[in-house]
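Visitor: Sharing a sequence plus its predicted fold:
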Amino acid sequence: MSAAVEQLSPAVWRVHAPGLTLKPYEGTQCYFVGTAAEVWLVDTGDGGPRATEALAAAWAALGEPRVSQILITHGHRDHFGGASWAGEFFQALVGVHAADRAAVLADCPAAEELAPGRCAIGGVPVELLHLPGHTPGQLNLWLPEEHLLLAGDNVLGDTTSVVVPPAGDLHAYRQTLERLLALSPSVIGPGHGSVVRDPRGWLAYYREHRAERDRQVVDLLAEGALSVPELSAAIYGQREVHLYRAGQLMLLGHLAALEREGVVTELSDGRYVLREVPL
Ligand SMILES: [Zn+2]
């Protein structure tokens with residue numbers, strides 16, 4: 001079998017599709033799921049020639065199984081950019097969750113809505129889970145018999161996930177993390193980076209990382225009202241411009257979640273304060 005295809009379990013093969021994506025990653029992890037006769041393709045990379053060549057070569061190495069469904073985990077281009085190409089090349093339907101479909105349609109007008117639920121791929125039981133946060137319509141694929149989760153961008157292999165407004169919703173993402181912890185997968189195939197072999201530890205780290213940032217925000221606001229740039233300077237200090245902007249976006253995500261959870265409130269001048277808790 002080609003070195004470009006890595007078998008993760010009896011029913012899952014991983015393919016790295018090189019292309020434009022978030023740093024430090026250099027491509028998207030795509031997956032073929034099923035049997036020698038029938039598979040689904042999970043994500044398509046950015047649609048550039050390096051990605052499409054990698055997917056075509058992997059499919060050939062697997063013996064050209066029938067592709068009965070292309071699953072787009074969410075509406076980010078590094079995952080759906082190759083959807084139109086893949087739909088034609090593999091003669092397969094393209095599906096995405098309703099909440100992310102609008103983002104995909106301009107590139108892939110054939111994309112249909114996929115609803116969460118249980119089904120089977122060539123006899124392999126799978127479950128489509130709607131786990132929002134990174135985007136509103138993030139779908140993950142769960143293989144209950146293998147305890148294996150294909151997590152899209154809910155989980156990344158080598159860094160924490162990015163959850164920033166307007167598409168990202170940290171309040172929803174926190175609930176997604178709790179559901180993933182309860183699911184207790186043995187292996188996670190992420191949208192980018194290395195296979196996660198210790199999901200419990202990695203997910204616990206994700207949860208603690210967010211909680212730590214919440215505590216920093218709350219501690220700073222306990223001293224008085226602060227604007228987003230003031231909070232960002234206090235937490236991130238002086239950084240390169242693109243990191244500084246990324247930090248501010250992350251902070252906006254935390255503030256939006258804390259506001260929804262009744263912990264902070266935004267003043268008319270744009271500064272944030274802790275909400276007074278009635279005694
Ligand atoms: Zn994404």
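Guide: That came through, no problem. Residues are numbered from 1 along each chain as shown.

Visitor: Give me the below-cutoff pLDDT ranges for the chain.
Guide: Along the chain, segments meeting pLDDT under 70 span 1-3, 238-243, 277-279.

Visitor: can you list the domains in it?
Guide: 5-197, 208-274 (automatic domain parsing).

Visitor: out of these, deepest packed?
Guide: When these are scored by mean count of other C-beta atoms under 10 Å, the highest mean neighbour count falls to domain 5-197 (a mean of 20). Every C-beta, even on glycine, is put in place using the N, C-alpha and C of the backbone.

Visitor: quick one: which helix or strand includes the residue nearest the centre of the chain?
Guide: For the chain, residue 153 is the residue whose C-alpha lies nearest the centre (C-alpha atoms, centre = their mean; 1.5 Å). Counting by DSSP states H and E, no helix or strand carries residue 153.

Visitor: Ok, residue 22 next?
Guide: Per DSSP H and E, there is no helix or strand for residue 22.

Visitor: correct me, but the residue nearest to the centre of the chain touches residue 137?
Guide: No: under the criterion of C-beta atoms under 8 Å, residue 153 makes no contact with residue 137, lying 11.8 Å away.

Visitor: so who does the residue of the stretch 101-250 of the chain found nearest the ion touch?
Guide: Closest to the ion within the stretch 101-250 of the chain is residue 153: 3.6 Å, counting by C-beta to the ion. Residues near residue 153 by C-beta atoms under 8 Å, 6 or more residues apart in numbering: 73-74, 76, 79, 134-135, 138, 161-162, 190-192.

Visitor: Please tell me how far it sits from residue 259.
Guide: Relative to residue 259, residue 153 is positioned 24 Å away (C-beta to C-beta, to the nearest Å).

Visitor: Which parts of the stretch 151-279 of the chain are helices?
Guide: Ranges of helices in the stretch 151-279 of the chain, per DSSP state H, counting those that start in this stretch, are 170-183, 199-221, 228-236, 241-260.

Visitor: ok, back up a step: which ones among the contacts of residue 153 also lie next to the ion?
Guide: Restricting those to those touching the ion (C-beta under 5 Å from the ion) yields residue 76.

Visitor: Just the closest of the contacts of residue 153 to residue 210, please.
Guide: residue 161 (9.8 Å; C-beta to C-beta).

Visitor: What separation do you get for residue 120 and residue 146?
Guide: In this view, residue 120 and residue 146 are 13 Å apart by C-beta to C-beta.

Visitor: intersection of neighbour lists for the two?
Guide: By C-beta under 8 Å, 6+ apart, no residue touches both residue 120 and residue 146.

Visitor: Shouldn't residue 28 be within a strand?
Guide: Yes: counting by DSSP: H, G, I helix; E, B strand; the rest coil, residue 28 is part of a strand.

Visitor: Is it bridged to anything, and to what?
Guide: residue 17 (DSSP bridges).

Visitor: Quickly note the distance from it to residue 45.
Guide: 5 Å.

Visitor: Likewise for residue 36?
Guide: For residue 36, the distance to residue 45 equals 23 Å [C-beta to C-beta].
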